[in-house]
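[1] could you look at this predicted model? Sequence included:
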Amino acid sequence: MHPEPQHHEHVVAGGALPHPSDGYTHDHDEVPHTHPDPGVDPHEPLVAGPRALRIGIGGPVGSGKTALVAALCRALGDELRLAVVTNDIYTTEDADFLLRNGVLPAERVRAVETGCCPHTAIRDDISANLDAVEDLEATLGPLDLVLVESGGDNLTATFSKGLIDHQIFVVDVAGGDKVPRKGGPGVTAADLLVINKTDLAPLVGADLAVMDHDARARRGDRPTVFLSLVEDRLATPVADWIRDLAKARIPA
Amino acid sequence: MKASSRVVAELDGLGGTRLAVLRSESPLLLRRTAPATVHLVGGGAGPLRGDDLSLEIEVGPGATLEIRSVAAQLALPGRGHLPQSRLRITATVAPGATLRWLPEPLIAAAGCDHRTITRVEVAETGSLLWRDDLVCGRHHEPSGHVHLDTTIRYAGTTLYRHELSVGPAAPGWSGAAVLGSTPPDRPRTTASGPEAAVAGNGRAIGTVVAVPATLLPPATSGPGDFAVMPLAGPGALATAVGADIRPVRAVLDPLCEPAATLIHN
Amino acid sequence: MGLATLLVLADGRLPSGGHAHSGGLEAQVSAGRVRDIDDVAGFLHGKLATSGLVAAAFAAAACDRPARSPELDAGFDSRTPSPALRKASRAQGRALLRAARAMWSLPPVSREPHQPVALGVVASAGGLTPVEAAVAAAHGTVSGAASAAVRLLGLDPYAVHGLLARLAPDCDRIAAAAAARAGDPVDDLPAAGAPLLDIGAELHATWEVRLFAS
């Protein structure tokens, strides 16, 4: 039932190659809607080539994705040609937040509406995000880095490899120190797990050692970093991780 | 009833407009009311089923013509076995000419079956303000069937192509996609389909197509169900929808005043 | 005939950007015109008879003769007075082409055609007939908005799908009528307008916060 995708010369860089999804679907649900299933991606991987490094930033509502994006803009804005696509419900307040905090001009930010389905827009049907990335590149010229911020979702939301090269999953200590143990594709499969708001750990009774242990158990060799944007406004460990990836892509 | 009326406006050589032709048949009676203004005056109730009416308007190079009407046009049922009533309006606007079509509303009385076909051809550098108001049913009566079919071309290219059907033969016309649903203050009929739910619920719509677009204010929307929209080609459309004609007139009338159009020239 | 191919093209899970568009419903929900299943029914009936008919006609015509797509695209422009709707239609046309290029070999077509024109070209590339393209267009006109209704209003999904089932014969009828006119001159193709969709799209485009792109 799953036809082989047909490759031919019309496939553009970053083009989505739709397969029938193996995701969990509702048999009788009229909402076209698939739930992410770890390990199955309806899109082909991104085509390598001269284009920006694309990093997806996902995580539950309130875990600090937008604040992390602002910190990364602050940290990397002077050294990399940078733009942001946000899938979050985006207001002029958010734009002002990035403008004030992130030294990122408004023309470098695109908001994508997700039709109440944030995980669909980053995984099952990435067309609006791909269009936004292409439009940014067309408007701003060549870019080094595009950050794609997902809308706040649940622990199972992950990005399609057809949209991004690497993904960061952000959880926070206030969400409970059991989150890493629960796993889910975001925690287990993200290329970088960020455990955010460590400054709040004493206040919410979260045990960072437990979170560290559980994250290692879940993630094997994949890196996990602890972060407090109150203490580190440049999100240094995350920015460094991105710097290394960018260096690997851009010829010196 | 079959009737054919025709008006041709030309420059008179003295900086004004003269009407080279002003020929009219009842019920499409044309009367000159000002040097460059013609009014349609009521020549009996109608159109009624079986009527086949034709109006030709021609504005020559550099000339100006404004057409208004003294009263609303009331489409009525007439005899049921007759074909639908038809009004065909054909207008041409020459280079440098101006046509302002600003009639009173068409009212779709219960049981009517009427079609208005409008074909307007505007030459490059010609200008046009084309107003159409439609009221769906008289007070507290369901709408009859009216179909508007409008094509406005500019410089040889179709600028605006629009059809609108209201009344019992038009599925969903009173739904929230087309002209609106039962206002909240009315009891709602359930389980008998969307048309039944709004029977007797008068609705009105008005449109103004302008060429060039600068004859209308820049793009805007609201308050209420009103928007001015730049067309893909060199024109603009103002549309207003209301529970009756009053809110429609309130927003569209000011756009059709000569003073208002001059401001944006 | 390519029934399974038609299902592939008309599948709501086709990654062609549709999930982010409410087909004008979000604006009317906000305006208070659409609150329950009856209102959704009225909305969908009107949308199908207007936008659905036009989309079906343009999809059928583009499928019939893909080389006509520039002319059809201009014709669709002249039927779409709202800039917001033109933008939404072109965005969905572009997204559909992106998905379709991975499925079939497409003839030359502009980068961002109107969605029904793109749909017709894609249907033709997939070996479908004009009436099949028209069915996909008519059904797509209502199914996207119906799905948005479930998400925006929390309606019973079974009730909404029941509505779609009852609309299916209308979709077929409209598609047949549209396909019969596929070869007509562009100006003679259906042009049924939906004034509240135009106005609603313009209002919607000015909102600071939107859940749907249109």
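    Received, thanks.
[2] stretch C:25-38 near chain B at all?
    Yes. Using C-beta under 8 Å from any C-beta of the partner chain, stretch C:25-38 reaches chain B at C:28, C:31-34, C:38. C-beta: built from backbone N, CA, C; applies to glycine.
[3] and the closest residue to B:Gly42 other than its chain neighbours, what pLDDT?
    Among residues not flanking B:Gly42 along the chain, B:Ala71 sits closest, at 5.1 Å (C-beta to C-beta, 6 or more residues apart in numbering or on different chains). Looking at B:Ala71, its pLDDT reads 92.
[4] so who does B:Met229 touch?
    Contact analysis of B:Met229 by C-beta atoms under 8 Å, 6 or more residues apart in numbering or on different chains lists B:219, B:236-239, C:81-83, C:198, C:202.
[5] same deal with A:Tyr90?
    Applying C-beta under 8 Å, 6+ apart, we find A:Tyr90 in contact with A:111, C:209.
[6] ramachandran coordinates for the residue most central in space within chain C?
    Nearest residue to the geometric centre of chain C (C-alpha atoms, centre = their mean): C:Thr141, 3.8 Å. Here is the backbone geometry of C:Thr141 (degrees, to the nearest 10): phi -60, psi -40.
[7] tell me which element B:Gly62 falls in.
    Remark: B:Gly62 resides in no helix or strand, with elements defined by DSSP states H and E.
[8] nearest residue to it other than its sequence neighbours?
    Closest to B:Gly62 by C-beta to C-beta, 6+ apart is B:Gly96, at 4.3 Å.
[9] pretty sure the one you found sits in a strand.
    No. Counting by DSSP: H, G, I helix; E, B strand; the rest coil, B:Gly96 is not part of a strand but coil.
[10] local confidence estimate at it?
    Value for B:Gly96, per-residue pLDDT: 97.
[11] quick one: which helix or strand includes the residue in chain C that chain A sits nearest to?
    Nearest residue of chain C to chain A: C:Gly12, at 2.7 Å (C-beta to the nearest C-beta). For C:Gly12, there is no enclosing helix or strand under DSSP H and E.
[12] residues contacting A:Ala239?
    A:71-72, A:75-76.
[13] try it again with 10 Å
    A:68, A:71-76, A:79-80, A:232 (C-beta atoms under 10 Å, 6 or more residues apart in numbering or on different chains).
[14] in TSV, list those along with neighbour count, secondary structure and pLDDT.
    Listed next are the contacts of A:Ala239 as TSV, based on neighbours: other C-beta atoms under 10 Å in any protein chain shown; DSSP: H, G, I helix; E, B strand; the rest coil; pLDDT from 0 to 100:
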residue	neighbour count	secondary structure	pLDDT
A:Leu68	23	helix	95
A:Ala71	22	helix	93
A:Leu72	25	helix	95
A:Cys73	26	helix	93
A:Arg74	18	helix	91
A:Ala75	22	helix	94
A:Leu76	22	helix	95
A:Glu79	12	coil	94
A:Leu80	20	coil	94
A:Asp232	17	coil	96
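[15] now, the most widely separated pair of the residues you listed?
    The largest separation in those, counting by C-beta to C-beta, is between A:Leu80 and A:Asp232 at 18.7 Å.
[16] hang on, B:Asp253 packs against B:Pro105?
    No. Assessed by C-beta atoms under 10 Å, B:Asp253 is found out of contact with B:Pro105, at 11.6 Å.
[17] the two: who's more crowded?
    Between B:Asp253 and B:Pro105, counted using other C-beta atoms under 10 Å in any protein chain shown, B:Pro105 has the larger neighbour count: 21 against 15.
[18] nearest residue to that one in space, please, no chain neighbours.
    Nearest one to B:Pro105, counting by C-beta to C-beta, 6+ apart, is B:Asp133 at 3.7 Å.
[19] low-confidence ranges, chain C, go.
    Applying pLDDT under 70 to chain C picks out residues C:1.
[20] what about 50?
    Within chain C, not a single segment meets pLDDT under 50.
[21] got the contact list for B:Ile205?
    Per C-beta under 10 Å, 6+ apart, neighbours of B:Ile205: B:105, B:132-136, B:148, B:164, B:166, B:178-180, B:225, B:239-242, B:245, B:248, B:252, C:193, C:195-196, C:199.
[22] could you redo the last one with a cut-off of 7 Å?
    For B:Ile205, the contact set (C-beta atoms under 7 Å, 6 or more residues apart in numbering or on different chains) comprises B:134, B:179, B:241, B:248, C:195.
[23] for it, helix, strand, or coil?
    strand.
[24] quick one: contacts of the host helix or strand of C:Gln28?
    For C:Gln28, the host element (DSSP H and E) is helix C:25-30. Outside helix C:25-30, the residues that touch it by C-beta under 7 Å, 6+ apart are B:176, C:34, C:43, C:145, C:148-149, C:152-153, C:196, C:200-201, C:203-204, C:210-212.
[25] tell me the pLDDT at B:Val8?
    For B:Val8, the predicted pLDDT is 98.
[26] which residue packs closest to it, ignoring adjacent ones?
    Distances taken as C-beta to C-beta, 6+ apart put B:Val21 closest to B:Val8, at 3.9 Å, once the chain neighbours are dropped.
[27] buried stuff in the helix or strand containing A:Val238?
    Using DSSP H and E, the element containing A:Val238 is helix A:236-249. Using 16 or more other C-beta atoms under 10 Å in any protein chain shown as the test for burial, helix A:236-249 gives A:238-239, A:241-242, A:245-246.
[28] who's in contact with the helix of greatest length in chain B?
    For chain B, the helix with the greatest residue count under DSSP state H is helix B:245-252. Outside helix B:245-252, the residues that touch it by C-beta under 7 Å, 6+ apart are B:105, B:131, B:133, B:135, B:204-206, B:208, B:224, B:226, B:238, B:240, B:242.
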